[in-house]
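K.L.:
predicted model and sequence below, questions to follow.
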Amino acid sequence: MDNRVKTIEIDHDRDDVTFGGCGQCVCRSCLYWWSGRCPYGGCWDNHRAEVDPYDKAHPDKPPRTVWSHWDKSGEQAHWCRGGVFYPVYYCPGFVKYQGQKVQECLKAMVSVYQDGYINCSLVDTLGCEACYRQFEDRLEE
């Protein structure tokens, strides 16, 4: 889990770039992106570009040119590029992110999300039950 969190943080930092009139990816406002649980690997548009490329679905339309890197290989396959000039497509499971609460748990700080999901660095290495048992053992000593 620790390694996954670091990878998610790197992805979040890398994607925090805007060009001209383009805003951040709509995935940046999704609960599942923030909590690292996106079923599409962090970006619906990247997934959709692979399985249903825009340029293949619309071969009769000219290349869209109103965003940075529009001319790089694979960019025309994306659906959400171009900021205000092109429509935004939300994934089927999109849930608007409303923030998280950071709370102290028995042995670690945890993030609690609006849907009740708890992100804890010890879940994968120790597990909740073992963590709770160790906590109880300390109380008994």
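P.N.:
Everything's here; your move. Remember, it's a predicted structure, so these values are computed and weren't measured experimentally. Numbers count the residues shown, from 1 in each chain.

K.L.:
could you pull out the strands for the protein?
P.N.:
When secondary structure is read from DSSP state E, the chain shows strands at 100-104, 109-113, 118-120.

K.L.:
give the buried residues for stretch 53-62.
P.N.:
54, 55 (16 or more other Cβ atoms under 10 Å). To be clear about C-beta, it is placed using only N, CA and C from the backbone, and glycine gets the same treatment.

K.L.:
same question but for stretch 130-141, I mixed them up
P.N.:
Neighbour-count burial for stretch 130-141 flags residue 131 (criterion: 16+ other Cβ under 10 Å).

K.L.:
which residues does that stretch contact?
P.N.:
105, 106, 107, 108, 122, 126 (Cβ atoms under 8 Å, 6 or more residues apart in numbering).

K.L.:
residues near the last one, how many?
P.N.:
By other Cβ atoms under 10 Å, the residues close to residue 126 number 16.

K.L.:
no further queries at this time; thank you.
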